[in-house]
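Participant: What follows is a predicted structure for the sequence shown.
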Amino acid sequence: MLRVLVVDGDRDTAESCAALVALWGHEARACFSGPEALAVAASFRPQVALLDLEMPATTGAALARQLSSGPAPRPWLVTVTATHPFRLSPADVETFDCRLRKPAGPEGLRDLLRAAEAAGVPGR
């Protein structure tokens, strides 16, 4: 079982993704902004963070950098976005462990979580 933080500015997207992750037996929390995600992450200590790039109050890349600089262990950082990688700065691309393209189907998300488990994400 993984602890998965889902952060998306679209409430329906975040909640449905978190519900799907929970259905697969993982513990999931949905957040709708960077500041909320940081507050939840402090106590939830996610092993995987699924981050939308474009959110109110902050970007997913800025949030990923903040999560990386927090107390160890660092979560596995995944950008979930429709933005083409060529439109991202090299620093933003390097911030994430992997990318899941929107709209992400259930199979892609499930494969990603299996890869996270196989990679031995921290805190397990």
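Facilitator: Received it, and whenever you're ready, just let me know what you need.

Participant: distance of Ala61 from Gly9?
Facilitator: Between Ala61 and Gly9 the computed distance is 14 Å (CB to CB, to the nearest Å). Quick note: C-beta positions are derived from backbone N, CA and C, even for glycine.

Participant: what do you get for Arg114?
Facilitator: Separation of Arg114 from Gly9 (CB to CB) stands at 27 Å.

Participant: more neighbours, the two?
Facilitator: With other CB atoms under 10 Å as the criterion, Arg114 and Gly9 differ in neighbour count, and Gly9 comes out ahead with 18 against 12.

Participant: The residue most central in space within the chain: what's it in contact with?
Facilitator: In the chain, the centroid-proximal residue (CA atoms, centre = their mean) is Leu50; its distance is 1.4 Å. The neighbourhood of Leu50, defined by CB atoms under 8 Å, 6 or more residues apart in numbering, consists of Val4, Leu5, Val6, Val7, Asp8, Cys17, Val78, Val80, Leu100.

Participant: Can I take it that it is in a strand?
Facilitator: Yes - secondary structure of Leu50, determined by DSSP: H, G, I helix; E, B strand; the rest coil: located in a strand.

Participant: mind listing what's buried in the least confident helix or strand in the chain by mean pLDDT?
Facilitator: Ranked by mean pLDDT, DSSP states H and E, the helix or strand of the chain with the weakest confidence is helix 90-95, at a mean of 76. Of all the residues in helix 90-95, those buried under the rule 16 or more other CB atoms under 10 Å are Asp92, Thr95.

Participant: if we look at it, which residues are touching it?
Facilitator: Residues external to helix 90-95 that are found in contact with it (CB under 8 Å, 6+ apart): Leu53, Thr59, Ala61, Ala64, Arg65, Ser68, Leu77, Pro85.

Participant: Now, of the residues you listed, which are buried?
Facilitator: By neighbour count, with 16+ other CB under 10 Å, the contacts of helix 90-95 hold Leu53, Thr59, Ala61, Ala64, Leu77 as buried.

Participant: Need the residues you listed in a markdown table (columns: distance to Trp24 and pLDDT).
Facilitator: What follows is the buried ones among the contacts of helix 90-95, written out as a markdown table (distance: CB to CB, whole Å; pLDDT from 0 to 100):
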| residue | distance to Trp24 | pLDDT |
| --- | --- | --- |
| Leu53 | 24 | 86 |
| Thr59 | 28 | 85 |
| Ala61 | 27 | 88 |
| Ala64 | 23 | 93 |
| Leu77 | 20 | 93 |
